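Q: Just the structure for this:
(one chain, ligands or ions: 2)
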Amino acid sequence: LAAETLAVFDGTGSTADGHLVPLLANVGGAVDAVKAAELGAQGVGLLRTEFCFLERDTEPTIDEQVVAYRGVFDAFPGKKVVVRTLDAGADKPLPFLTDSTEPNPSLGVRGYRTDLTTPGVLKRQLTAIATAAADSPAEVWVMAPMIATVDEASDFAAMCRVAGLKIPGVMVEVPSAALLADRILGEVDFVSLGTNDLTQYTMAADRQLGTLAALNSPWQPAVLHLIRLTVAGSIAQGKRKPVGVCGEAAADPVLAVVLVGLGVSSLSMTARSLSAVGAVLKSVTLDEAKRLAELALSARNADEARTRVRAELPILEQLG
Ligand code: PEP
Ligand code: MG
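A: Ligands and ions are numbered 1, 2, ... in the order given. Take a look at the predicted model:
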């Protein structure tokens, strides 16, 4: 984006008419977190805790984990940090946790499901997060990846409460969770849409397969409908609990406007996208964003959805 346009972003995500949408960062450790804070992130919407576990033959101790999480929390005093519990399996295999002989790892034991096969790891991680959170300047939320059922959401919330973590949530990245978002939000305090996996599982298109890139687009109207359904679940549930987005979709400034129009409450992205997303969001009112969301939802395909919305955002012409 042109430097002049980027200068518009002042570190507070909002539409032109002042509808606030916190712009948060996806981070994978303390170094990332410090950089994200410098770039104006209003908090962390996704702390991928895999960094603490990767390239190891054994599980890190609780004390080791506490030090690692604290390093991230310290970068965001007074701000929200959403910690995602370990998402091992599929694209992130771990020698001591996952079965590398699974025929189809994307549909196998990954994310929250590893608690079935290797009980204890999640419980110890929650203890570590709670310990680091206890004397932390940040407001710590915690969420589980790959939740597919209401029971999983309620079991996870119970585990969080036992560990002393007060704000449990889950990721919505499996279509079943989007379909039952209202009931899931009856069990937890927030959800965060993982559009990378939600797209992969909705379209049955492996996210790592370049040949299927066109199918594997968060602009697919089917994916947008599931996002709308998730927001509707929060409205139906009555309390309008937060529905964030932490998949790559939030880093696309054009799609970010659509997500806001669909009613999501925060956007979390790689920190280098914050200013572009902030600038484009500032160029539309909430009503315009809602209209653009309808345009995208009613498109015949992903390309048409994107083309239609781009054509309605004059700010893009000023950008490089
Ligand atoms: C996602 O699936 O959108 C997500 C944010 O998680 P990850 O990319 O780490 O699977
Ligand atoms: Mg995911």
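
Q: residue ranges of the strands in the stretch 151-300 of the chain, please?
A: Under the criterion DSSP state E, counting those that start in this stretch, the stretch 151-300 of the chain carries strands at the ranges 168-172, 190-193, 243-245, 266-269.

Q: Tell me which of the ones you listed approaches ligand 2 most closely.
A: strand 168-172 (6.5 Å; C-beta to the ion). C-beta: built from backbone N, CA, C; applies to glycine.

Q: Show me which positions of that closest one end up buried.
A: By 16 or more other C-beta atoms under 10 Å, the buried positions in strand 168-172 come out as P168, G169, V170, M171, V172.

Q: Can you say which two of those are spatially most distant?
A: Pairwise distances among the buried residues of strand 168-172 were taken by C-beta to C-beta; the largest, 14.0 Å, belongs to P168 and V172.

Q: Name the residues of the stretch 151-300 of the chain found near ligand 1, please.
A: By C-beta under 6 Å from any ligand atom, the part of the stretch 151-300 of the chain that sits against ligand 1 consists of E173, G194, T195, N196, D197, C246, G247.

Q: at 8 Å instead, please
A: For the stretch 151-300 of the chain, the residues in contact with ligand 1 (C-beta under 8 Å from any ligand atom) are 171, 173, 192-200, 207, 246-249.

Q: the helices in the stretch 101-250 of the chain, which residues?
A: Under the criterion DSSP state H, counting those that start in this stretch, helices of the stretch 101-250 of the chain are mapped to 114-117, 121-134, 150-163, 175-179, 181-184, 195-203, 221-237.

Q: possible to save the ones you listed as JSON lines with mean pLDDT?
A: JSON lines is the format used below for the helices of the stretch 101-250 of the chain (pLDDT from 0 to 100):
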{"stretch": "helix 114-117", "mean pLDDT": "93"}
{"stretch": "helix 121-134", "mean pLDDT": "98"}
{"stretch": "helix 150-163", "mean pLDDT": "98"}
{"stretch": "helix 175-179", "mean pLDDT": "98"}
{"stretch": "helix 181-184", "mean pLDDT": "98"}
{"stretch": "helix 195-203", "mean pLDDT": "98"}
{"stretch": "helix 221-237", "mean pLDDT": "97"}
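
Q: now these as CSV including mean neighbour count?
A: Listed next are the helices of the stretch 101-250 of the chain as CSV, based on neighbours: other C-beta atoms under 10 Å:
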stretch, mean neighbour count
helix 114-117, 17
helix 121-134, 20
helix 150-163, 18
helix 175-179, 20
helix 181-184, 23
helix 195-203, 23
helix 221-237, 19
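
Q: Flag the shaky bits of the stretch 1-150 of the chain, pLDDT-wise.
A: For the stretch 1-150 of the chain, the stretches with pLDDT under 70 are 1-10.

Q: All the strands of it, residue numbers only.
A: For the stretch 1-150 of the chain, strands defined by DSSP E, counting those that start in this stretch occupy the ranges 23-27, 43-48, 80-84, 139-144.

Q: same for the last one, what does it pack against?
A: Strand 139-144 makes packing contacts with strand 80-84, helix 121-134, helix 150-163, strand 168-172, strand 190-193 when contacts are defined by 3 or more C-beta pairs under 8 Å, 6 or more residues apart in numbering; DSSP states H and E.

Q: Run the angle between the second one and helix 150-163 for me.
A: Spelled out, that is helix 121-134. Relative orientation of helix 121-134 versus helix 150-163 (axes from the mean of the first three to the mean of the last three C-alpha atoms, to 10 degrees): 50 degrees.

Q: so does helix 121-134 get close to ligand 1?
A: No: counting by C-beta under 8 Å from any ligand atom, no contacts exist between helix 121-134 and ligand 1, the nearest distance being 15.7 Å.

Q: Within range of ligand 2, give me the residues from the chain.
A: E173, G194, D197 (C-beta under 5 Å from the ion).

Q: Report the contact partners of the first one.
A: What it means is E173. E173 sits next to P145, M146, I147, L193, G194, T195, N196, D197, L198, Y201, G247 when contact means C-beta atoms under 8 Å, 6 or more residues apart in numbering.

Q: Columns pLDDT on top of the buried residues of strand 168-172, output as TSV?
A: Below are the buried residues of strand 168-172 laid out as TSV (pLDDT from 0 to 100):
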residue	pLDDT
P168	98
G169	98
V170	98
M171	98
V172	98
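
Q: and which of these is nearest D91?
A: M171 (14.8 Å).

Q: so what's that closest one bridging to?
A: Per DSSP bridges, the residues bridged to M171 are S192.

Q: Quick check, it in contact with V142.
A: No: assessed by C-beta atoms under 8 Å, M171 is found out of contact with V142, at 11.2 Å.

Q: Name all residues that sit in contact with the two at the same time.
A: Residues touching both M171 and V142 by C-beta under 8 Å, 6+ apart: R84.

Q: List the contacts of the residue most central in space within the chain.
A: What sits nearest the mean C-alpha location of the chain, by C-alpha atoms, centre = their mean, is C246, with 2.1 Å. For C246, the contact set (C-beta under 8 Å, 6+ apart) comprises L24, N26, G45, L46, V82, M171, S192, L193, G194, S268, M269.
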